[in-house]
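[1] sequence unknown, structure follows:
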């Protein structure tokens, strides 16, 4: 995906490696069906290697642009999330209880032993999306007024004298009793 987030495992020095990069619209457009239209994010990654242990700490901060759920206009949302990973090599256990990690605040990702690179682009994408609220709407009074006018309409697009197609069903129920 994004070359800034691919780290060669054999080339990592023992100790800490720090990388900072900016993420924008191009990064999110490379993922299919991304709800993020634009972004201005800073990603700071620290990878710690010690023997077989590889730990990844990252901070993702900035703003992303999505569509407002109410008016479908662009909405800028802040992003401020942290990522803590432990990288393990081999097959992921079938039952999660079989594998216990000493440091419980880290998510464990498994890589096949044949992998020579650690690609964090999917992790950055996923954690950014997960940091967004479920309901994405403008602050009160900030939505597009012409759209909100239709949402607040009490007639639901029908005139008062329009025939109700369900009125015959009421008569049917009365006849059955």
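    Looks like it arrived, so ask away. From a predicted model like this one, the values you see are computed outputs, not experimental measurements.

[2] for the closest residue to residue 35 other than its chain neighbours, list each beta-bridge partner.
    Distances taken as CB to CB, 6 or more residues apart in numbering place residue 66 nearest to residue 35, at 5.5 Å, with adjacent residues excluded. All C-beta atoms are positioned from the backbone trio N, CA, C, and that covers glycine. Beta-bridge partners for residue 66, by DSSP bridges, are residue 75.

[3] quick one: contacts for residue 66?
    Listed by CB atoms under 8 Å, 6 or more residues apart in numbering, the contact partners of residue 66 are 35-37, 74-75, 77, 132, 136.

[4] which residue is the nearest non-sequential neighbour of residue 36?
    Using CB to CB, 6+ apart, the closest residue to residue 36 is residue 28 (4.3 Å).

[5] just the element for the one you found, please.
    Here residue 28, judged by DSSP states H and E, is contained in helix 25-29.

[6] in that helix, what counts as buried?
    Applying a neighbour-count criterion of 16 or more other CB atoms under 10 Å, one finds 27-28 buried in helix 25-29.

[7] same check on stretch 123-140?
    Buried residues in stretch 123-140, counted by 16+ other CB under 10 Å: 123-125, 127-129, 131-132, 138.

[8] now do stretch 60-73
    Residues of stretch 60-73 classed as buried: 60, 62, 64-66, 68, 70-71 (neighbour count, 16+ other CB under 10 Å).

[9] swap in stretch 108-117?
    Buried positions in stretch 108-117, judged by neighbour count with 16+ other CB under 10 Å: 109, 111.

[10] ok, the most centrally placed residue in the chain - contacts?
    What sits nearest the mean C-alpha location of the chain, by CA atoms, centre = their mean, is residue 129, with 1.2 Å. Taking CB under 8 Å, 6+ apart as the criterion, residue 129 is in contact with 35-36.

[11] now do the SS call for it.
    Following DSSP: H, G, I helix; E, B strand; the rest coil, we place residue 129 in the helix state.

[12] separation between it and residue 49?
    Look at residue 129 and residue 49: by CB to CB, to the nearest Å, they are 28 Å apart.

[13] over to residue 27?
    As for residue 27, its distance to residue 49 is 25 Å (criterion: CB to CB).

[14] do the same with residue 39
    29 Å.

[15] for residue 84, same thing?
    Between residue 84 and residue 49 the distance is 15 Å, computed by CB to CB.
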